[in-house]
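K.L.:
Here's my sequence, what's the structure:
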Amino acid sequence: MPTGVALRDPRQQLFDAAARVLLRDGATGLTSRAVTDEAGVAKGVLHRHFADFDGFLTELVLDRITRVDAQATALRGAAGSGTVAGNLTAALVTLFEPVMVAIVALVIARDELRARLRRAGTARLPLVGEGTAMIAGYLTAERDLGRIAPDADVDTLAPTLIGAAHLLFTDREGSPPETEAVRKLVTTVLASAARS
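P.N.:
Below is the predicted model:
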């Protein structure tokens, strides 16, 4: 590998490379060598920016959590507009994009990564927990606006939506489910909370 070549954003370049490796080779194929080879950089670049490989993976997941937090803000901002089912369908399709699903599998597979993420203050199951909080926050806003029943149990509905969606998105070979399948899931779970 050439040395002395300035990288514009080495952290993002490495994160993007890790995403490609995860999608292609899965959690077991994600190694520091695979990431640096995919990024086209020397192995030392990763260790110059991160203490070790688990530190790199921790920052990769935290970067994704930041994206979920931004999505949560946007989703809460959508409360009162469009339809509840439409907003939730779009949110779940965005949340469970292929890289996110692969990162959740990675977190489940690596004990040290989960331990570091807990020390960083993430949800018990990172990304899934933040996704659940995002959905609960949105449902609370919609309940406050009267668009779902005032007695709707958002603390049960949110994890139910996340769990069912996670199963739907991981129960596939290749492509993600059709948007209509996600919408059907959302409307089924929300049937008891829908305003008549």
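K.L.:
average pLDDT for stretch 110-118?
P.N.:
The average pLDDT within stretch 110-118 is 93.
K.L.:
which outside residues touch it?
P.N.:
Stretch 110-118 has contacts (Cβ atoms under 8 Å, 6 or more residues apart in numbering) with Ala27, Asp54, Gly55, Leu57, Thr58, Val61, Leu62, Leu106, Val107, Ile108, Arg124, Pro126. Every residue, glycine included, has its C-beta placed from N, CA and C.
K.L.:
rerun at 10 Å
P.N.:
Stretch 110-118 has contacts (Cβ atoms under 10 Å, 6 or more residues apart in numbering) with 27, 30, 52-62, 65, 103, 106-108, 122-127, 129.
K.L.:
Apart from its neighbours in sequence, what residue is nearest Asp25?
P.N.:
Nearest residue to Asp25, sequence neighbours excluded (Cβ to Cβ, 6 or more residues apart in numbering): Ala34, at 6.8 Å.
K.L.:
Mind pulling up the pLDDT for that neighbour?
P.N.:
Reported pLDDT for Ala34: 97.
K.L.:
how close does it sit to Leu57?
P.N.:
12 Å (Cβ to Cβ, to the nearest Å).
K.L.:
With neighbour numbers in mind, choose between those two.
P.N.:
More crowded of Ala34 and Leu57, by other Cβ atoms under 10 Å: Leu57, with 24 against 17.
K.L.:
What strand or helix carries the more buried one?
P.N.:
helix 53-77 (DSSP states H and E).
K.L.:
Mind listing what's buried along whatever helix or strand comes next after that helix?
P.N.:
Counting by DSSP H and E, the next helix or strand C-terminal to helix 53-77 is helix 84-95. Buried residues in helix 84-95, defined by neighbour count with 16 or more other Cβ atoms under 10 Å: Val84, Ala85, Asn87, Leu88, Thr89, Ala90, Ala91, Leu92, Val93, Leu95.
K.L.:
what sits in contact with each of Ala34 and Leu57?
P.N.:
Common contacts of Ala34 and Leu57 (Cβ under 10 Å, 6+ apart): Ala18.
K.L.:
residues contacting Arg20?
P.N.:
So Arg20 contacts Ala34, Val35, Glu38, Ala39, Val99 (Cβ under 10 Å, 6+ apart).
K.L.:
Kindly indicate the member of those with the most neighbours.
P.N.:
Val35 (27 neighbours).
K.L.:
is it true that that residue touches Phe56?
P.N.:
Yes. Assessed by Cβ atoms under 10 Å, Val35 is found in contact with Phe56 at 7.5 Å.
K.L.:
Tell me the residues that contact both of these two, please.
P.N.:
Leu14, Phe15, Ala18, Leu46.
K.L.:
and those as JSON lines, adding distance to Leu75 and secondary structure?
P.N.:
Below are the shared contacts of Val35 and Phe56 laid out as JSON lines (distance: Cβ to Cβ, whole Å; DSSP: H, G, I helix; E, B strand; the rest coil):
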{"residue": "Leu14", "distance to Leu75": "29", "secondary structure": "helix"}
{"residue": "Phe15", "distance to Leu75": "23", "secondary structure": "helix"}
{"residue": "Ala18", "distance to Leu75": "26", "secondary structure": "helix"}
{"residue": "Leu46", "distance to Leu75": "33", "secondary structure": "helix"}
